[in-house]
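A.B. asks: Sequence and predicted model, in that order:
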Amino acid sequence: MRILFWPEFPTMDGYTLVAMCHELGYEGVTSPDAPFDIAVAWADVTWMQPDDVLEELAGHMPVWNIDCRDISKRTVDATMRAVFGYGV
């Protein structure tokens with residue numbers, strides 16, 4: 001499986017996603033012009049801005065987290081409370 005990470009590539013080993021991909025034998029791709037199976041919106045920021053490349057890709061293939069634009073502690077805590085009944 002080849003995964004496009006856009007607009008940034010998660011290069012640090014500390015990211016869980018990097019470890020998961022490595023363990024599963026998935027290959028990371030850094031260019032939307034290269035062949036890939038799925039795309040992941042990736043940037044090491046709390047609030048991600050909409051990206052034209054990802055929006056265009058989402059029209060014809062999966063972009064797993066295209067709508068995940070806010071990973072602030074407040075939002076993550078509220079989501080955990082809604083899903084699991086307790087926060088972080």
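C.D. replies: Arrived safely, thanks for sending.

A.B. asks: Would you mind measuring from residue 63 to residue 2?
C.D. replies: As for residue 63, its distance to residue 2 is 14 Å (criterion: C-beta to C-beta, to the nearest Å). Where C-beta positions appear, they are placed from N, C-alpha and C, glycine not excepted.

A.B. asks: And residue 85, by the same measure?
C.D. replies: Separation of residue 85 from residue 2 (C-beta to C-beta): 37 Å.

A.B. asks: got it, and residue 74?
C.D. replies: Distance from residue 74 to residue 2, by C-beta to C-beta: 34 Å.

A.B. asks: Looking at this protein, which helix is longest?
C.D. replies: helix 73-84 (DSSP state H).

A.B. asks: Other residues contacting the lowest-mean-pLDDT helix or strand in the chain?
C.D. replies: None of the helices or strands of the chain scores lower by mean pLDDT, DSSP states H and E than helix 16-24, at a mean of 89. With contact meaning C-beta atoms under 8 Å, 6 or more residues apart in numbering, helix 16-24 is reached by 1, 3, 10-13, 26-28, 40, 42.

A.B. asks: Looking at residue 63 and residue 2, which has the bigger crowd around it?
C.D. replies: Neighbour count, other C-beta atoms under 10 Å: between residue 63 and residue 2, residue 63 has more, with 21 against 12.

A.B. asks: Help me confirm that the more buried one comes into contact with residue 51.
C.D. replies: No. Residue 63 lies out of contact with residue 51 (C-beta atoms under 8 Å); the separation is 9.5 Å.

A.B. asks: Tell me the residues that contact both of the two, please.
C.D. replies: Common contact partners of residue 63 and residue 51 (C-beta under 8 Å, 6+ apart): residue 41.

A.B. asks: returning to what we had before: max pairwise distance over the contacts of helix 16-24: which two?
C.D. replies: Using C-beta to C-beta, these reach their maximum pairwise distance at 1 and 12, which is 20.8 Å.
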